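**Q** Pasting the sequence and the predicted coordinates here, then a few questions.
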Amino acid sequence: MFGIPGKQAVSMTDAAASQIAKLMDKGGHKGLRIGVKKGGCAGMEYTMDYVDEIDQNDEVVEQDGARVMIAPMAQMFLFGTEIDYEVSLLESGFKFRNPNVVDACGCGESIKFDESLGAE
């Protein structure tokens, strides 16, 4: 596991935890797996997938009935991230407040990490 002993890799706002718990209940899933992959105009993109089985190498974060798993290769990129769920007149969705991001594209879907983290 990457990070500080006793500190969770990511945190969730109450709105995010509530939305994730609803998605888990609705689909009978064990949670959401969060990761990163190469792509987008800034170089990397977040991924979110339903999980029906927890991988032993995942970092598991639970809060108020919500469960997210951090894929092993994403743990160093997501450490310290706050997951939020925002609803506005035009859109609703998960937002990531990640202290490791050094740049993002205009649409907010693609991000760039400090090269020292190994994201080239």
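**A** Perfect, I can see it now. Numbers count the residues shown, from 1 in each chain.

**Q** which residue sits closest to residue 69 in space, ignoring its chain neighbours?
**A** Of all residues not flanking residue 69 in the chain, residue 58 sits nearest, at 3.8 Å (Cβ to Cβ, 6 or more residues apart in numbering). Just so you know, the C-beta spots here come from the backbone N, C-alpha and C atoms, and that holds for glycine as well.

**Q** Neighbours of the one you found, how many?
**A** Residues near residue 58, counting by other Cβ atoms under 10 Å, number 21.

**Q** how much space is there between it and residue 93?
**A** Distance of residue 58 to residue 93, given as Cβ to Cβ, to the nearest Å: 23 Å.

**Q** Point to the residue nearest the middle of the chain.
**A** Nearest to the geometric centre of the chain sits residue 34, at 4.3 Å (Cα atoms, centre = their mean).

**Q** for that one, helix, strand, or coil?
**A** Secondary structure, DSSP: H, G, I helix; E, B strand; the rest coil: residue 34 is strand.

**Q** Bridge partners for it, pull those for me.
**A** Here residue 34 sits in beta bridges with residue 48, residue 70, going by DSSP bridges.

**Q** Please look at it and residue 70 and confirm they touch.
**A** Yes: taking Cβ atoms under 8 Å as the definition, residue 34 is a contact partner of residue 70 at 5.7 Å.
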